[in-house]
Every structure is written in C-alpha cells, then in structure tokens.
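A.B. asks: Predicted model and sequence below, questions to follow.
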Amino acid sequence: MKRTTVKLPEDLDAKLRAEADRRGITVSELTREAIETHLGLGRRRHLASAGAWRSETGDLSTRVDEIFGEILDEKRRKGEL
C-alpha cells in the first residue's frame, strides 16, 4: 500500500477524526473510503447516517425529543446555532 500525506485545515481534521472514532475505524480507512466514493470506485457504500441512531439501551423512538434536545444543546454550546 502506498503512503500519501495530505494537509488538512484543523477543523476538517477534527471532523475526520471524530467520524472515524464514531464509526470505530481508523482515519486511514475513512480517508480511503471517502476517496474511493468520491472517485466512484467505492467497494463499500455507506450512508452518512447509517448507524447514527444505533443504541444498546433500547428503542430510540421513545427518546427522540430528549436526543434532539441534547443535540441542540451541544450545537448551542459550540456556537453552531
């Protein structure tokens, strides 16, 4: 496998690392997947939201308002809203 160095803005690097962590894969795996998808070569195609509502604690439909509230609170804390 060939090694390539890519320079990323800090905010994009943070998002890349957070997504890789959320999905339980390495940054390299996520980067390869994104490049393959962008070039139309992807062996695996993932929906960006796949697994986003995965839960080990039961049915999320009973907690939708609570979950959205938590998301909105987090975005407000980060100044995104």
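C.D. replies: In hand now; what should we look at?
A.B. asks: from the chain's centre, how far out does stretch 63-77 sit?
C.D. replies: 17 Å (Cα atoms, centre = their mean, to the nearest Å).
A.B. asks: Next: stretch 30-44.
C.D. replies: Relative to its parent chain, stretch 30-44 has a centroid offset of 15 Å by Cα atoms, centre = their mean.
A.B. asks: Also stretch 24-39?
C.D. replies: Worked out by Cα atoms, centre = their mean, stretch 24-39 lies 11 Å from the chain centre.
A.B. asks: Could you give me the buried positions within that stretch?
C.D. replies: Neighbour counts using 16 or more other Cβ atoms under 10 Å place 30-31, 33 of stretch 24-39 among the buried residues. Every residue, glycine included, has its C-beta placed from N, CA and C.
A.B. asks: What about R32? Give its phi and psi, please.
C.D. replies: Per-residue torsions, R32: phi -60, psi -40 (degrees, to the nearest 10).
A.B. asks: And for P9?
C.D. replies: In terms of degrees, to the nearest 10, the main-chain angles of P9 are phi -60, psi 150.
A.B. asks: Which pLDDT value belongs to the residue most central in space within the chain?
C.D. replies: The residue lying closest to the centre of the chain (Cα atoms, centre = their mean) is E19, at 3.0 Å. pLDDT for E19: 92.
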